[in-house]
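Colleague: Any chance you can model this:
(one chain, ligands or ions: 2)
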Amino acid sequence: MVKRQSRFVCQNCGAVTTRWAGRCDNCGEWNSIVEEASTADIMTAATGKAARTKGRRLELSSLDAPIAAEPRVITGIGEFDRVTGGGIVPGSAILIGGDPGIGKSTLLLQAAAALARRNHRVVYVTGEEATAQVQLRARRLGADTAPVALAAETSVETILETLGAGPAPTLVVIDSIQTLHTSVAEASPGTVTQVRASAQALIRYAKLSGAAVILVGHVTKDGQIAGPRVVEHMVDAVLTFEGDPSHAFRLLRGSKNRFGPTDELGVFEMTGGGLAEVANPSELFLGERDTSTPGAAVFAGMEGTRPLLVEIQALVTPSRLGTPRRSVIGWDGARLSMILAVLEARCGVALSAHDIYLAVAGGLRIAEPAADLAVAASLISSRAGVALPADVVYFGEVSLSGRVRAVPHAPGRLKEAAKLGFRGAIVPPQVGAGIDGCATSEVALLVNLVHRIAPAGFADERQSTFSGDD
Ligand code: TYD
Ligand code: MG
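Modeller: Ligands and ions are numbered 1, 2, ... in the order given. This next block holds a predicted model:
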């Protein structure tokens, strides 16, 4: 007789301990540890006997053995196919995370319909809505005529039984993994154990049947896929659907992909008739530009293999507070502090008595260090009260010594800038003479850029020094 053992699982990160504690040692979350049945118990419950079977002998293979080419299934939604790495791989499991209401169900219903129209069998299982709600949405999207098989169900056993009855589908969409429950695990629905056991069963189904399975996962307020952090390790690809709810566009990003690149970006626009693909996102992100105001600089960025131009906006105003405000949207706050320190220490631009607001236009989030130069340009421009030339882009990394360093993909960035009518680019040294239509101007030190933008210095510099002395 197996002695029933309890274990304690953090519902935030999935860490397992043998004792209960008020705070998880692994992730630091309070009150997140819950008692659950041990894995051995789960296995016993699943199989009716202790989980000890005799292994079989495997045929070992060599690394250079011929491989069957992975056929990929293309949905026809270009932005979606790009992020999955050129289509969905049969038998793979994909997790899509995102805030509630961002449009995950809409995206997947559209992808399901597109695939079904290409004569693939697609099953859409919703655990959150009634079938009527999904039908209404499909009608609104003009997808109701696509032969998608629809079910509203939350029991994993029932779902697997239903899927097993027909021919293996090409794609199964599960919306969402948090609503599922399986009798294999004893814990209540929504707990890490349930989510993990449900995901495990569906992933096993994917591997055995060759059907691709897409799991929708909710995201907590701090941006993690709630509970199933653990699921991220189990699936083949993790995609995030994000966007500023006050803007129409939505970004699909890969953060893990066993079958393709992870840095691709898909851009969609939420319209009355569902999500529309945005083929040229730079035009969209530069759409509402006001070129006469100081503090705006256009950054020639890269998202994966795709160049993307976006406006960086800065507002630098004298502060009335003892500790000036620093507020950043769409960029890394620590990186901003670094640029501010370099401007102060290496370029003589006084900023410590100023409130600073920085925003990436359009709700985009930038992680590239290449944005340093554009951020610095927008800060200097706002501080000096001088608008930057409207037809110039910026890219380059700034080091702590105040040097401007080279970044990858310079030709791609320049090509995109030229395509959108930009005539010049401020770039790191050794980029070269630029391309037809977009001339480059190299800056080796950030202080050179300061002199170029504000050759007359900063009008209020002396004044602010005096008031500081008072
Ligand atoms: P939904 O796909 O339900 O989000 P999620 O599954 O991520 O929670 O999308 C809900 C939002 O999308 C809702 O606020 C309305 C909006 N929407 C449109 O603007 N146009 C449409 O055609 C559809 C279907 C939804
Ligand atoms: Mg939904």
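Colleague: So A341, which state does it fall into?
Modeller: For A341, the reduced secondary structure class is helix; criterion used: DSSP: H, G, I helix; E, B strand; the rest coil.
Colleague: Could you find the closest non-adjacent residue to it?
Modeller: L400 (7.8 Å; Cβ to Cβ, 6 or more residues apart in numbering). (C-beta placed from N, C-alpha, C; glycine too.)
Colleague: pretty sure that neighbour contacts E344?
Modeller: No - the criterion here is Cβ atoms under 8 Å, and L400 misses it with E344 at 12.0 Å.
Colleague: quick one: which of these two has more around it?
Modeller: When neighbours are counted by other Cβ atoms under 10 Å, L400 and E344 differ, and E344 comes out ahead with 13 against 10.
Colleague: could you give the mean pLDDT of the helix or strand harbouring the more buried one?
Modeller: Per DSSP states H and E, E344 falls inside helix 333-347. On average, the pLDDT along helix 333-347 is 96.
Colleague: Sort out which residues of that helix are buried, please.
Modeller: Buried positions in helix 333-347, judged by neighbour count with 16 or more other Cβ atoms under 10 Å: R335, L336, M338, I339, L340, V342, L343, R346, C347.
Colleague: Also stretch 98-117?
Modeller: 98-99, 102-117.
Colleague: go on, stretch 275-283?
Modeller: For stretch 275-283, by 16+ other Cβ under 10 Å, it's L275, A276, V278, P281, S282.
Colleague: For the first one, give me its contacts.
Modeller: What it means is L275. For L275, the contacting residues are G103, T106, L107, Q110, R250, F268, E269, by Cβ atoms under 8 Å, 6 or more residues apart in numbering.
Colleague: same deal with the last one?
Modeller: For S282, the contacting residues are P307, L308, L309, V310, E416, L420, taking Cβ under 8 Å, 6+ apart as the criterion.
Colleague: Beyond the strand or helix carrying R383, next helix or strand please.
Modeller: Per DSSP H and E, R383 falls inside helix 372-384. Later in the chain than helix 372-384, the nearest helix or strand by DSSP H and E is strand 392-394.
Colleague: Show me what counts as buried in that following strand.
Modeller: Buried residues in strand 392-394 (16+ other Cβ under 10 Å): V392, V393, Y394.
Colleague: what about the residue of the stretch 151-300 of the chain found nearest ligand 1, neighbour count?
Modeller: Residue nearest to ligand 1 within the stretch 151-300 of the chain: G274 (4.1 Å; Cβ to the nearest ligand atom). G274 has 20 neighbours, counted by other Cβ under 10 Å.
Colleague: could the contacts of L275 go into JSON lines alongside pLDDT and secondary structure?
Modeller: Output for the contacts of L275, formatted as JSON lines (pLDDT from 0 to 100; DSSP: H, G, I helix; E, B strand; the rest coil):
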{"residue": "G103", "pLDDT": "93", "secondary structure": "coil"}
{"residue": "T106", "pLDDT": "95", "secondary structure": "helix"}
{"residue": "L107", "pLDDT": "95", "secondary structure": "helix"}
{"residue": "Q110", "pLDDT": "96", "secondary structure": "helix"}
{"residue": "R250", "pLDDT": "90", "secondary structure": "strand"}
{"residue": "F268", "pLDDT": "93", "secondary structure": "strand"}
{"residue": "E269", "pLDDT": "92", "secondary structure": "strand"}
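Colleague: so which of those also contact ligand 1?
Modeller: G103, T106 (Cβ under 6 Å from any ligand atom).
Colleague: Can you convert the contacts of L275 into CSV and add a column each for distance to V427?
Modeller: CSV is the format used below for those (distance: Cβ to Cβ, whole Å):
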residue, distance to V427
G103, 36
T106, 40
L107, 36
Q110, 39
R250, 31
F268, 31
E269, 31
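Colleague: where in the chain is pLDDT low?
Modeller: 1-5, 37-52, 69-70, 220-229, 459-470 (pLDDT under 70).
Colleague: Show me the domain layout of it.
Modeller: If you go by automatic domain parsing, the domain ranges for the chain are 1-41, 72-279, 284-453.
Colleague: Run the chain-centre distance for the last one.
Modeller: Average the C-alpha atoms of domain 284-453, do the same for its chain, and the two points are 22 Å apart (Cα atoms, centre = their mean, to the nearest Å).
Colleague: For that domain, measure first residue to last.
Modeller: 27 Å (Cα to Cα, to the nearest Å).
Colleague: returning to that earlier point: so the residue nearest to A341 belongs to a strand, correct?
Modeller: No - counting by three-state DSSP, L400 is not part of a strand but coil.
Colleague: residues contacting it?
Modeller: Counting by Cβ under 8 Å, 6+ apart, L400 has contacts M338, A341, V342.
Colleague: one more time with 10 Å, if that's ok
Modeller: M338, A341, V342, A345, R346 (Cβ atoms under 10 Å, 6 or more residues apart in numbering).
Colleague: which of the residues you listed lies closest to ligand 1?
Modeller: M338 (34.6 Å).
Colleague: Now do the SS call for A149.
Modeller: strand.
Colleague: That one against T126, yeah?
Modeller: No - look at A149 against T126 with Cβ atoms under 10 Å: they stay out of range, at 11.9 Å.
Colleague: between these two, which one's more packed in?
Modeller: T126 (24 against 16).
Colleague: you'd agree that one is up against S176?
Modeller: Yes - if you go by Cβ under 10 Å, T126 and S176 touch, sitting 8.4 Å apart.
Colleague: ok, back up a step: tell me which residues form a beta bridge with the residue of the stretch 151-300 of the chain closest to ligand 1?
Modeller: Bridge pairing for G274 (DSSP bridges) gives the partners T271.
Colleague: In contact with it, which residues are there?
Modeller: 103, 106-107, 109-110, 113, 137-138, 140-143, 268.
Colleague: Looking at those residues, which is nearest L321?
Modeller: Of all the contacts of G274, L321 sits closest to G103, with 38.5 Å by Cβ to Cβ.
Colleague: Tell me the spacing between that closest one and I453.
Modeller: G103 sits 40 Å away from I453, going by Cβ to Cβ, to the nearest Å.
Colleague: Can you show me the strands along the stretch 51-200 of the chain?
Modeller: With DSSP state E, counting those that start in this stretch as the criterion, the stretch 51-200 of the chain has strands at 93-98, 122-126, 148-152, 171-175.
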